[in-house]
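Peer 1: have a look at this prediction, sequence included:
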Amino acid sequence: MINTHVEPDAELAAIAQPTVYIETYGCQMNVSDSELMYGTLAAHGYAQVDGPDGADVILVNTCAIRENAETRVIGRLGELKRNMKPGAIVGVTGCMAQRLGPRLLQQAKHVSLVVGPDAYRALPQLLDGARHGERFSATDFDLEEHYEDVVAKRFEGVKAWIPVQRGCNYRCTYCIVPYTRGSERSRKLDDVVRETHAVVAQGLTEVVLLGQTVNSYNDGTHDFADLLRAVGAVDGIRRVRYTSPHPNDFSDRVIAAMAEVPTVCEHVHLPMQSGSTSMLKRMLRRYSREDYLACVGRLRAAIPGLALTTDIIVGFPGETDAEFADTVSLCQEVRFNDAFMFKFSMREGTPATRMPAEWTVPDAVVTERFDRLLGTVRGISREQNLMRLGATVEVLVEKIARDGHLWQARSRDFKTVMVPADSAKIGDYLTVQLTGTTGATFTGTPVKPRERAPLPMAAGAA
């Protein structure tokens, strides 16, 4: 006999279940943190929704690297205030929350929570208090917090972001990260491997190891080379990536692990910031132009076909024409596959704020230099991509492309390749021939049947 009371009770429980939407800005670490927050709240009965309209809880997970990122968030908070449902709770999390703390509560009266990266575990309790009208700022550092017992609710379809390190011990004069994420600390290797096994059980085959200077990873017993070998050997993992390394921390052991572990992809995002030794010194990057070139040479000698991308800042205080010319010439010498280029943004509390005012580079000069550098980097990228046409590569299908008619896929060396939508599904591996390029992305034609990533074996199956 069917118990007729079960279904109505379930309906009431569903109605009562609070919903949460997290809007994420910034780096991959923030994406990973949003997954942690979703996991934490799911364990306390919250249901994830895809947009802010109608959500009971709206969290804006923020970045503080550049001023325009913070300005964008302030504007977004105003939009949310106008459109959120009555009684909804709005919180700000992440690096901007850590940097501004209680000032955000004063600036945005409809914000109830300001929560830094080390306090996400407290979110369910903070939300309970917010329902009673309380407002909180939780921005204390916790150098022991790695959220080891939190099961992340992953929303990437094919890859898993796995933090292996938090914080940073470098003190680059332009960078706010040490002040928003604290000192460097690494997870235990066994914990990272355990999470990697869990990722495989979820059907994912690519992992991205995350850290502010990820290749300086050290848990007291194991270094980054050990970590690459251990994660790369997990059965079911087909691709291992990492970001972002520091040029100073590529030991011979790390480079050997990259060359010898077949699952480690042939791509390194190697932040340069400037091609001028004098500029690098003002930035406190702790390497010279020659050191950077030597690092590039060691990587390329060990890993044939290695793709290199980078970060570059234009208009740092005191940048001269000659120093900028050094940056352009280094890009021409290294021939990066691509670069993320940024106009310098002064961040409150960083050493750069104490540099002489006369060192400020005029906006018009910064814009002209930025445009010139952009043309140089994009031109080199286009030349390289044209030379790749006709090559056959393996790609992993990641998501639907913006036009809605193609799949967006990624090669091992981090090239974006568009493939026909009827040729695969998300999570499929394809062998494709590169048949066209816009200069930035490729189109590819499948030359072998698609290969579905292996599904995890059920517990107890032989």
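Peer 2: On my side now, so go ahead.

Peer 1: pLDDT value on A401, please?
Peer 2: pLDDT recorded at A401 is 88.

Peer 1: ok, it to V417 distance?
Peer 2: 10 Å (C-beta to C-beta, to the nearest Å). For the C-beta atoms, the positions are set from N, CA and C on the backbone; glycine is no exception.

Peer 1: next: L209.
Peer 2: In terms of C-beta to C-beta, L209 sits 23 Å off from V417.

Peer 1: try D235
Peer 2: For D235 relative to V417 (C-beta to C-beta), the value is 27 Å.

Peer 1: neighbour count: these two, which is higher?
Peer 2: Counted by other C-beta atoms under 10 Å, D235 and V417 do not tie: V417 has more neighbours, with 26 against 9.

Peer 1: show me the contacts for that one.
Peer 2: For V417, the contacting residues are V393, V395, Q408, A409, R410, S411, V432, L434, T441, F442, T443, G444, by C-beta atoms under 8 Å, 6 or more residues apart in numbering.

Peer 1: mind running it again at 7 Å?
Peer 2: For V417, the residues meeting the contact criterion (C-beta atoms under 7 Å, 6 or more residues apart in numbering) are V395, A409, S411, V432, L434, F442, G444.

Peer 1: give the buried residues for the helix or strand encompassing it.
Peer 2: Element membership of V417 [criterion: DSSP states H and E] is strand 416-420. For strand 416-420, burial by neighbour count (16 or more other C-beta atoms under 10 Å) applies to T416, V417, M418, V419.

Peer 1: export it as PDB, just CAs?
Peer 2: Extracted in PDB, the C-alpha atoms of strand 416-420 (Å, rounded to 0.1, in the frame of the first residue of the first chain):
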ATOM      1  CA  THR A 416      40.900  26.600 -28.500                       C
ATOM      2  CA  VAL A 417      39.400  24.500 -31.300                       C
ATOM      3  CA  MET A 418      35.800  24.700 -32.600                       C
ATOM      4  CA  VAL A 419      34.300  21.400 -33.800                       C
ATOM      5  CA  PRO A 420      31.000  20.500 -35.400                       C
END
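
Peer 1: name every strand pairing with that strand and say which way it goes.
Peer 2: strand 406-411 (antiparallel), strand 442-446 (parallel) (DSSP bridges).

Peer 1: which elements pack onto the lengthiest helix in the chain?
Peer 2: In the chain, ranked by residue count with DSSP state H as the criterion, the top helix is helix 363-388. Counting contacts by 3 or more C-beta pairs under 7 Å, 6 or more residues apart in numbering; DSSP states H and E, helix 363-388 is packed against strand 307-314, helix 321-334, strand 338-343, strand 428-437.

Peer 1: most packed of those?
Peer 2: Mean neighbour count (mean count of other C-beta atoms under 10 Å) peaks for strand 307-314 among the helices and strands packed on helix 363-388, with a mean of 21.

Peer 1: on that earlier part again, can you tell me which of the buried residues of strand 416-420 is nearest L374?
Peer 2: Nearest to L374 out of those is T416 (C-beta to C-beta; 18.0 Å).

Peer 1: please name the bridge partners of that closest one.
Peer 2: R410.

Peer 1: in this structure it contacts R410, no?
Peer 2: Yes. Using C-beta atoms under 7 Å, T416 makes contact with R410 at a distance of 6.3 Å.

Peer 1: so where's the protein uncertain?
Peer 2: 1-15, 449-462 (pLDDT under 70).

Peer 1: again, only using 50
Peer 2: Residues of the chain that meet the criterion pLDDT under 50 lie in 1-14, 455-462.

Peer 1: domains in it, by residue range?
Peer 2: Under the assignment automatic domain parsing, the domains of the chain span 12-138, 156-265, 276-285+299-387, 389-452.

Peer 1: quick one: closest of the ones you listed to Y292.
Peer 2: That would be, of the domains of the chain and by C-beta to C-beta, domain 156-265, which comes in at 5.4 Å.

Peer 1: what's the end-to-end length of the closest one?
Peer 2: 19 Å (C-alpha to C-alpha, to the nearest Å).
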